[in-house]
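> let me see the structure of the following:
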Amino acid sequence: PFKDSITHIWKQLKETGTRKLKDEEIAVLKRNQNTSTDPKWDNVVVFSEGDASLDLSSIRNCTFIDFVMISEEVGAVSFEDSITLPCGLSDTTFRNCFLFPGIAVHKNTYVENSVVLKGSILMGCGRITCQKDATYGNGVTINMGNETGGLQVQSFGDLKYNELSSVVDSGVFQNDTLPDYLTAIRGDYSVFSPSCFVEGCMLLHSVFVGECCHVLNSTVCSCTLLSSPAHRSEVLNGDLAESILQWGCVFESGSNCVKSILCEHADTSCNAKIVNSIIAPNTGVSSGECNSSLVGPFIGFHHNSVLISALWFEGKGNIGYGANIGSNHTGRLPDQELIPGEGLFFGLGCNIKYPCNFMNAPYSLIASGITTLPQKVEMPFSLINKPSTNYEGVSPAYNEILPGWALYSNYCCRSEEHTSELQSLPNLVFRLL
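The predicted structure follows:
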């Protein structure tokens, strides 16, 4: 759990043994073009459990401001099979940092208020910093559904998606332990966990980067990036703010995420935009925009389309190219929402007008290019289409519905295998019959 990991780090900082630099160690640092804002170098301490002199020759061209803990950096550090670097510090300005043994920190402009743990690599970054009493994107209120005040969930790293099972009906997510949770994780340092690899990032502000996580060419502010050796997360060429990525997530290719949670093994790519949303395990968002939505597991959202104010807890559906599901440019207040059923398929270029409820129409298909009026449908496995025949006195805007169509047509309903370890997700389609 994230809470246990970060509280262990805070405990480790309090118990870390340090001592002042010896004269010969200061001489080595000066000879290698290092400088300190304190002429006596009293602001720099070394990580040491004894009094033996340390080899600090791998620390070069660095500036130390205020308190900095450095360590003997010997040997090499690797990230997977992609890169191996000699341990050491070079060409970086440090301020108020804990730099543990076995790390490689090279050519960063400014690193302050940070903890860098064994096996980490930080190179080619701009500014790395942290505010006081940071919570790393935890405790942020995510407003889903009705944009004028719908379902509100306060984020936290150890959220299990199944804990949200009743929120669509109740509209409330109660977490009485959250204040204590936030108190436990609160800190003044950005954390770079063992064996993480961070490169080419212009700004990292108040971040927790999990073990074995890879962050490349991204801007990350007030975020928690959870990762483990078995379930590595990646943030590649993206922007994140006030958000949480759980274990095994891949966030790449110009994606943008604000005030959201990506649960285990969710992924984004191709300039996906995610705002005020929770993305369930094993769901992918690519190219499209997802705003104020609860997006369930196993949803295919891989094209230029829009999903706004949807509470789709069961998931397992698909959003086709050009689907306009709840545009927020309708000339009306954004005070309505959509509740899709499990396995709902939104066809190419369809337009869904709100409010709409398909909860009791699981595994139905909305045909390409049609517009659905505000309605409630309770016919499972249906085809929702434009009228095949016009009837006198019946508006042609009404949809034609073929109940059970998905069971006797060539439409494919498939079961999915999931990779989530925190929760069990039902994956058998015909349990609904």
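
> name whatever forms a beta bridge with the residue nearest the centre of the chain.
Closest to where the C-alpha atoms of the chain average out (CA atoms, centre = their mean) is Leu245, at 2.5 Å. Beta-bridge partners of Leu245, counted by DSSP bridges, are Leu225, Leu262.

> against Pro355, how distant is it?
31 Å (CB to CB, to the nearest Å). (C-beta placed from N, C-alpha, C; glycine too.)

> now swap in Asp180 and tell me
Asp180 is 37 Å from Pro355, by CB to CB.

> quick one: which of those two has more around it?
Pro355 (15 against 9; other CB atoms under 10 Å).

> I'd say that one and Pro334 touch.
No: taking CB atoms under 8 Å as the definition, Pro355 is not a contact partner of Pro334, at 11.6 Å.

> in the helix or strand that contains Tyr181, which residues are buried?
Secondary structure assignment for Tyr181, by DSSP states H and E: helix 178-185. By neighbour count on 16 or more other CB atoms under 10 Å, the buried set for helix 178-185 is 181-182, 185.

> residues in contact with it?
Helix 178-185 is touched from outside by 2-3, 6-7, 135-136, 138-139, 154, 156-158, with contacts defined as CB atoms under 8 Å, 6 or more residues apart in numbering.

> run the last query once more with 10 Å
2-7, 9-10, 133-136, 138-139, 154-158, 175, 177, 208, 224 (CB atoms under 10 Å, 6 or more residues apart in numbering).

> does Ile6 count as helix, strand or coil?
helix (DSSP: H, G, I helix; E, B strand; the rest coil).

> rewinding a little: what touches both of Pro355 and Pro334?
Jointly contacting Pro355 and Pro334 under the rule CB under 10 Å, 6+ apart are 146, 309, 326.

> what sits against the first one?
Listed by CB under 10 Å, 6+ apart, the contact partners of Asn146 are 171, 292, 309, 311, 333-337, 354-355.

> so where's this structure shaky on pLDDT?
Across the chain, the ranges flagged by pLDDT under 70 are 327-330, 410-424, 426-433.

> one more time with 50, if that's ok
Along the chain, the model assigns pLDDT under 50 to no residue.

> can you show me the helices along it?
Using DSSP state H, the helices of the chain run over 2-15, 23-31, 167-170, 178-185, 405-408.

> relative to Ser368, which of these is closest?
Proximity to Ser368 (CB to CB) singles out helix 405-408 among the helices of the chain, at 14.6 Å.

> what's the end-to-end length of stretch 205-214?
Distance across stretch 205-214, first residue to last, is 16 Å (CA to CA, to the nearest Å).

> now it, how far from the centre of its chain.
Offset of stretch 205-214 from its chain centre (CA atoms, centre = their mean, to the nearest Å): 11 Å.

> kindly report the same for stretch 77-86.
Distance, centroid of stretch 77-86 to centroid of chain: 25 Å (CA atoms, centre = their mean).

> just the CA trace of it, in CSV.
These are the backbone C-alpha positions of stretch 77-86, laid out as CSV (Å, rounded to 0.1, in the frame of the first residue of the first chain):
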residue,chain,number,x,y,z
VAL,A,77,23.1,1.8,-11.3
SER,A,78,20.8,0.3,-14.0
PHE,A,79,17.3,0.7,-15.2
GLU,A,80,16.0,-2.6,-16.7
ASP,A,81,18.2,-3.4,-19.7
SER,A,82,18.0,0.1,-21.2
ILE,A,83,20.6,2.1,-19.4
THR,A,84,23.6,1.7,-17.0
LEU,A,85,25.3,4.6,-15.4
PRO,A,86,28.1,5.1,-12.9
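
> may I see the buried residues of it?
77, 79, 85.

> how about the first one: what's its closest non-neighbour residue?
What that stands for is Val77. Ala104 (4.9 Å; CB to CB, 6 or more residues apart in numbering).

> ok, the one you found - contacts?
58, 73, 76-79, 83-90, 116, 119-123, 197.

> again, but for Leu159
Leu159 neighbours (CB under 10 Å, 6+ apart): 2, 138, 153, 173, 175, 244, 246, 261, 263, 278, 422.

> wait, the second one sits on Gly187?
No: contact between Asn138 and Gly187 fails when scored by CB atoms under 10 Å: they sit 11.1 Å apart.

> the residue lying closest to Leu344 once chain neighbours are set aside and Val45, how far apart?
Distances taken as CB to CB, 6+ apart place Gly317 nearest to Leu344, at 4.4 Å, with adjacent residues excluded. Here Gly317 is placed at a distance of 56 Å from Val45 (CB to CB).

> how far does stretch 237-247 stretch from start to finish?
End-to-end distance (CA to CA), stretch 237-247: 18 Å.

> what comes up buried for it?
238-247.

> state the number of residues packed around the closest residue to Gly171 other than its chain neighbours.
Excluding the flanking residues, the one nearest Gly171 by CB to CB, 6+ apart is Leu151, at 5.6 Å. Residues lying near Leu151 (other CB under 10 Å) number 22.

> next one: Asp133
The burial count for Asp133: 11, using other CB under 10 Å.

> my read: it touches Asn113, true?
No: taking CB under 10 Å as the definition, Asp133 is not a contact partner of Asn113, at 11.5 Å.

> got any residues that touch both of these two?
Counting by CB under 10 Å, 6+ apart, the residues touching both Asp133 and Asn113 are 187-188, 206.
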